[in-house]
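J.: A structural model of the following input is requested.
(2 chains)
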Amino acid sequence: MPILDILEFPDPRLRTVAKDVASVNDAIRTLIDDMFETMYAAPGVGLAATQINVHQRLMVIDTSEEQDQPLVFINPTVAALDEVLHEYEEGCLSVPGFYEPVSRPEHIRVTALDRNGDRFTLEPDGLLAVCIQHEIDHLNGKLFVDYVSPLKRNRIKKKLEKAHKHNA
Amino acid sequence: MTPAPSTKAPQDARTAAAKTLARVFAHNESLASLLPATLPSVAESERSFYQQLCYGSLRWFYQLNPLLSSLVPKPLKSKDSDIQAVLLIGLYQLLHSRVPDHAAIAATVEITKRLKKPWASKLVNGVLRNFQRQREQLFSEQKSNPSFISAHPKWLVNSITESWLNEASSVFDANNQQPPFSLRINPAYCSPTDYLLKLQTVNKDAKVTPFSDVGVTLAQACDVFTLPGFSEGSVSVQDEAAQLAASLLDLQPGQRVLDACCAPGGKTGHLLETQPQLGPIVALDLEQKRLTRVFENLTRLGQTDRVEVICGDAAEPSKWWDGVSFDRILLDAPCSATGVIRRHPDIKLLRKPADIDKLARLQLQILQALWPLLKPGGRLVYATCSVIPLENTRVIEQFITTQADCNEFRLDVTWGLEQTCGRQLLPQHGGNDGFYYAVLTKLDA
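T.: I've put the predicted structure just below:
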């Protein structure tokens, strides 16, 4: 299983809105396995297909302490259950080295397909709820830096561009 | 996504353990909730030592604490429960760890500074050094104290001794050991004997469990991902005693099953492995948070589509039951967990005698509430991980005498001790956890 390259902000491809996965087949399952390997190696707790330049609505998550509870979400939809917001300091594999507090709904309901194409619904809380919303944003071409002030976002952009030039 | 790294410098094992234990003493919090919250803030190389200090100091609390009481000149104030924790950690290292005494004492005295209580450094140093000098005498003072000898609280010593007489000392011994690491193997994957061969290829030593026909016990705990078949869901971590539940249900194809109080879902998965043609399983638990864990477990096993997960109170079926009765019910009732003390040594401190009566009432109440949901001719398995008869045999006796359409099915098995109702497994050194099972059948109307 190969480790895939992760796109980094401000790469314009991260702004692509992903399309629904048409059928959950073996090719998708291979992609899922590669994404888990990439995510665990990074290390991260969630990875959306957008980040590896695959623009299909698919994401993998594992927020457990021992990193032994992999979750797959295909064509996910999310709804906030109430108006309570929860602030959490987020980071992103596509924005390496930067962390900013982001407020999101604390109580959500998410429905998606699993790796067998079966539909399931979850009402997660805590880190898992934060992570699901963060990854669904990726599928919509959105990044967590979009929630911080333009000043901060620009500073992060400049620093990453400089780093990319340096590594090129 | 990546969560923000802790901005604070990582803690050392001893300071973190002192803070954790202080919260157990002062606020009756459990290790199960404190450890996952604290671990990320502990330096990575110190994490296993941190866990050893927390588990060990609580496992031996009823020996360490009486020794300390004779050594501390005047009792500590309640706001200084962290200093009590420091002393316990120090004494634990002197008695049960491989850290050389001088190093253990020096490092333990250091904690007082990190807790911003430098006044206590002299006290900690003095107490630990006095212990080294008076060791023999201190032990001989305690030699006829049953709580000290067994390292259990007095009420539990009495309860276990009265209930299990000759077996009591082996129960205490098993409770003070490191728990064994047992696995359940999906029969569709391979037999336990074949699994031993797979384990040999990764250099792991194990043996087949004596009572469960799908279990193996490893000689040493290990990272689950190094186990063949774990990530594909063919292998799960589960104690041998808990593996017995599925076989007692006598599961047949197409049956509708209720798994009440199912979190974290270990047994739910086992039911489907035992009878792959099972009808839908309804998995119930009181806490939504614990159900997420159930879902994660079922996902790993690839069985989410066959289970309907419901958040609800087993004692109040009217709030969640759809009116369709069940062929089988597994009631793994909330209990004192006194059969799994070696996995949760904080139970020795947290559980109080009054809890037992409360739990027994709740257990009977849940049993009475779920009984009407069982089809005539159906079967209910009652299980607890308790070794206290008040929560086990007494509950079942009381239920049977008041329930005309209920029969106890006598088990013809080799494990456990036969009780007036059901069978009791006592925790075994290197073997199964403490567990209780009773099988009830409903008479045809």
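J.: in chain B, what residue is nearest chain A?
T.: Nearest to chain A in chain B, going by Cβ to the nearest Cβ, is B:Ala4, at a distance of 3.5 Å. Quick note: C-beta positions are derived from backbone N, CA and C, even for glycine.
J.: Counting neighbours, what do you get for that residue?
T.: Neighbour count for B:Ala4, taken as other Cβ atoms under 10 Å in any protein chain shown: 13.
J.: my read: it touches A:Glu89, true?
T.: Yes: under the criterion of Cβ atoms under 8 Å, B:Ala4 makes contact with A:Glu89 at 3.5 Å.
J.: Can you check which residues contact both of the two?
T.: Listed as contacting both B:Ala4 and A:Glu89 by Cβ atoms under 8 Å, 6 or more residues apart in numbering or on different chains are A:Tyr99.
J.: For the chain, which segments count as strands?
T.: Assuming you mean chain A. A:46-48, A:58-61, A:71-80, A:85-92, A:95-105, A:108-113, A:119-122 (DSSP state E).
J.: Let me rephrase: I mean chain B.
T.: Using DSSP E, strands in chain B cover B:2-3, B:181-185, B:206-208, B:215-218, B:235-237, B:257-260, B:281-285, B:307-311, B:326-332, B:374-384, B:406-409, B:417-418, B:423-425, B:435-442.
J.: okay, these in CSV with mean neighbour count and mean pLDDT next?
T.: Listed next are those as CSV, based on neighbours: other Cβ atoms under 10 Å in any protein chain shown; pLDDT from 0 to 100:
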stretch, mean neighbour count, mean pLDDT
strand B:2-3, 20, 82
strand B:181-185, 23, 96
strand B:206-208, 17, 96
strand B:215-218, 22, 96
strand B:235-237, 20, 94
strand B:257-260, 26, 96
strand B:281-285, 25, 93
strand B:307-311, 18, 90
strand B:326-332, 24, 97
strand B:374-384, 21, 97
strand B:406-409, 16, 95
strand B:417-418, 12, 96
strand B:423-425, 23, 98
strand B:435-442, 24, 98
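J.: Can you pull out the low-pLDDT segments for chain A?
T.: By pLDDT under 70, the weakly predicted segments of chain A are A:1.
J.: what does it put close to chain B?
T.: Listed as neighbours of chain B in chain A under the rule Cβ under 8 Å from any Cβ of the partner chain: A:42-46, A:64-66, A:68-72, A:88-93, A:99, A:114-116, A:118, A:120, A:122-125, A:127-128, A:130-131, A:134-135, A:144.
J.: just the buried members of those residues?
T.: Neighbour counting with 16 or more other Cβ atoms under 10 Å in any protein chain shown marks A:44-46, A:64, A:69-72, A:88, A:90-93, A:99, A:114-115, A:120, A:122-124, A:127-128, A:130-131, A:134-135, A:144 as buried within the residues of chain A next to chain B.
J.: List the buried residues in stretch B:221-228.
T.: Applying a neighbour-count criterion of 16+ other Cβ under 10 Å, one finds B:227-228 buried in stretch B:221-228.
J.: Let's see that stretch as CSV, backbone CA atoms only.
T.: Extracted in CSV, the C-alpha atoms of stretch B:221-228 (Å, rounded to 0.1, in the frame of the first residue of the first chain):
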residue,chain,number,x,y,z
ALA,B,221,0.2,-8.2,26.3
CYS,B,222,1.1,-6.6,22.9
ASP,B,223,0.1,-3.9,20.4
VAL,B,224,-3.2,-5.3,18.9
PHE,B,225,-2.1,-4.3,15.3
THR,B,226,0.8,-6.7,15.4
LEU,B,227,-1.8,-9.6,15.8
PRO,B,228,-2.7,-11.5,12.6
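J.: Just the residues contacting that stretch, thanks.
T.: By Cβ under 8 Å, 6+ apart, the surrounding residues in contact with stretch B:221-228 are A:66, A:68, B:181, B:183, B:195, B:198-199, B:201-202, B:204, B:230-231, B:235, B:237.
J.: will you turn those residues into CSV that also has distance to B:Trp321?
T.: What follows is these, written out as CSV (distance: Cβ to Cβ, whole Å):
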residue, distance to B:Trp321
A:Glu66, 35
A:Asp68, 33
B:Phe181, 37
B:Leu183, 34
B:Tyr195, 39
B:Lys198, 42
B:Leu199, 43
B:Thr201, 48
B:Val202, 46
B:Lys204, 44
B:Phe230, 35
B:Ser231, 36
B:Val235, 34
B:Val237, 31
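J.: Pull the most distant pair out of these.
T.: A:Glu66 and B:Thr201 (23.6 Å; Cβ to Cβ).
J.: Low-confidence stretches in chain B?
T.: Judged by pLDDT under 70, chain B has its weakly predicted residues at B:5-8, B:445.
J.: Now do the same contact list for the residue of chain B closest to chain A.
T.: B:Ala4 is in contact with A:89-91, A:99, counting by Cβ under 8 Å, 6+ apart.
J.: Of all the helix elements in the chain, which one is longest?
T.: Using chain A here. Counting by DSSP state H, the longest helix found in chain A is helix A:150-167.
J.: wait, I meant chain B there
T.: From DSSP H, the single longest helix across chain B is helix B:120-141.
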